[in-house]
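J.: I would like to see how this sequence folds:
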Amino acid sequence: MGPISAAEASTSVERGREIVRQHCTRCHVIPGINPYGGIGSTPSFSAMKWLDDWAYRFEIFYQLPPHPSLVRIEGVSEERSQSLPAFSKEIILKLEDVDDILEFVKTLKTPE
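T.: Reported below is the predicted structural model:
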């Protein structure tokens, strides 16, 4: 697949922003969306961008705890175990959604 156009990139960023607004703000602070939200024990998206491997972490976030109990990627993740507590409705995403989330996160600046 070749490089994407500016319009496609913009659409991907907007889709990623909407997915993040809809699902990630439950736990994470996202600049420009919920600056006073989230759960205190979870890192903000901006803070995670300070990590050298931040892009990789966003690419595989659904594999990193506690996400496997909350998020399933269609055709990638296993079905959610019935032994996990049902404290929240499962979030079901497509692999393309993960790409869109990453495109959105690329637009965020780290705090100064």
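
J.: Could I get the full set of helices for this protein?
T.: Counting by DSSP state H, one finds helices in the chain at the ranges 6-23, 45-48, 54-59, 95-106.

J.: quick one, what contacts residue 101?
T.: Listed by CB atoms under 8 Å, 6 or more residues apart in numbering, the contact set of residue 101 reads 16, 19, 20, 24, 58, 61. Every residue, glycine included, has its C-beta placed from N, CA and C.

J.: ok, of those, which one's closest to residue 107?
T.: residue 16 (8.6 Å; CB to CB).

J.: The closest residue to that closest one other than its chain neighbours: neighbour count?
T.: Closest residue to residue 16 apart from its sequence neighbours, by CB to CB, 6 or more residues apart in numbering: residue 104 at 3.0 Å. Close neighbours of residue 104, defined as other CB atoms under 10 Å, add up to 24.

J.: Surely residue 104 is in contact with residue 20?
T.: Yes. Using CB atoms under 8 Å, residue 104 is in contact with residue 20, at 5.8 Å.

J.: how long is stretch 77-94 from one end to the other?
T.: 10 Å (CA to CA, to the nearest Å).

J.: Need the contact partners of that stretch.
T.: 19, 23, 26, 62-63, 68-75.

J.: quick one: buried residues of it?
T.: 77, 91, 93 (16 or more other CB atoms under 10 Å).
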